[in-house]
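In: The following block contains a protein sequence and its predicted model.
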Amino acid sequence: ALNNLAIQLSEVGRREEALAPAEEAATTYRELAEVNPAAYLPDLAMALNTLAIQLSEVGRREEALAPAEEAATTYRELAEVNPAAYLP
């Protein structure tokens with residue numbers, strides 16, 4: 001829900017407000033993925049991607065690189081295990 005809230009806020013032009021739920025979603029999914037990676041790594045990757053987009057949209061492009069790179073790395077790892085699900 002937090003990830004979706006961030007996207008919706010951004011889509012209506014409230015990009016600065018979108019950062020807080022995007023950051024919270026990434027933090028929450030990171031904690032969940034530490035306990036149960038099989039269940040939550042895909043959600044973590046998605047949340048990191050959303051966070052990177054939100055940071056970029058408010059002009060914090062350098063800061064957006066870290067979550068974007070982490071999302072890409074996570075998606076690569078997921079694709080190695082299940083290419084049919086994650087290569088597209």
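Out: Alright, I've got the coordinates.
In: Pretty sure residue 46 sits against residue 3.
Out: Yes: counting by Cβ atoms under 8 Å, residue 46 does reach residue 3; the two are 6.4 Å apart. Backbone N, C-alpha and C define where each C-beta goes, glycine included.
In: Which one's more surrounded, the two?
Out: residue 3 (21 against 17; other Cβ atoms under 10 Å).
In: Go ahead and confirm the more buried one touches residue 45.
Out: No: here residue 3 lies out of contact with residue 45, judged by Cβ under 8 Å, at a distance of 11.0 Å.
In: before we move on, back to that, quick one: common contacting residues for residue 46 and residue 3?
Out: When contacts are counted by Cβ atoms under 8 Å, 6 or more residues apart in numbering, the set common to residue 46 and residue 3 is empty.
In: so what's residue 39 up against?
Out: Residues near residue 39 by Cβ under 8 Å, 6+ apart: 32, 33.
In: Can you tell me the SS state at it?
Out: The three-state assignment at residue 39 reads helix, by DSSP: H, G, I helix; E, B strand; the rest coil.
In: hmm, who's touching the helix or strand hosting residue 16?
Out: If you go by DSSP states H and E, residue 16 is part of helix 15-35. Contacts with helix 15-35, where a contact means Cβ under 8 Å, 6+ apart, come from 2-3, 5-7, 9-10, 39-41, 43-44, 46-48, 50-51, 54-55, 57-58, 67.
In: average pLDDT for that helix?
Out: Across helix 15-35, the average pLDDT comes to 97.
In: pull the CA atoms of stretch 72-83 into PDB?
Out: The C-alpha coordinates for stretch 72-83 follow below in PDB (Å, rounded to 0.1, in the frame of the first residue of the first chain):
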ATOM      1  CA  ALA A  72      18.600  -3.900 -10.700                       C
ATOM      2  CA  THR A  73      20.900  -6.300  -8.700                       C
ATOM      3  CA  THR A  74      18.000  -7.800  -6.900                       C
ATOM      4  CA  TYR A  75      16.000  -8.300 -10.100                       C
ATOM      5  CA  ARG A  76      19.100 -10.000 -11.700                       C
ATOM      6  CA  GLU A  77      19.300 -12.400  -8.700                       C
ATOM      7  CA  LEU A  78      15.600 -13.200  -9.000                       C
ATOM      8  CA  ALA A  79      15.900 -13.800 -12.700                       C
ATOM      9  CA  GLU A  80      18.800 -16.200 -12.200                       C
ATOM     10  CA  VAL A  81      16.500 -18.300 -10.000                       C
ATOM     11  CA  ASN A  82      13.300 -17.900 -12.000                       C
ATOM     12  CA  PRO A  83      14.000 -16.500 -15.400                       C
END
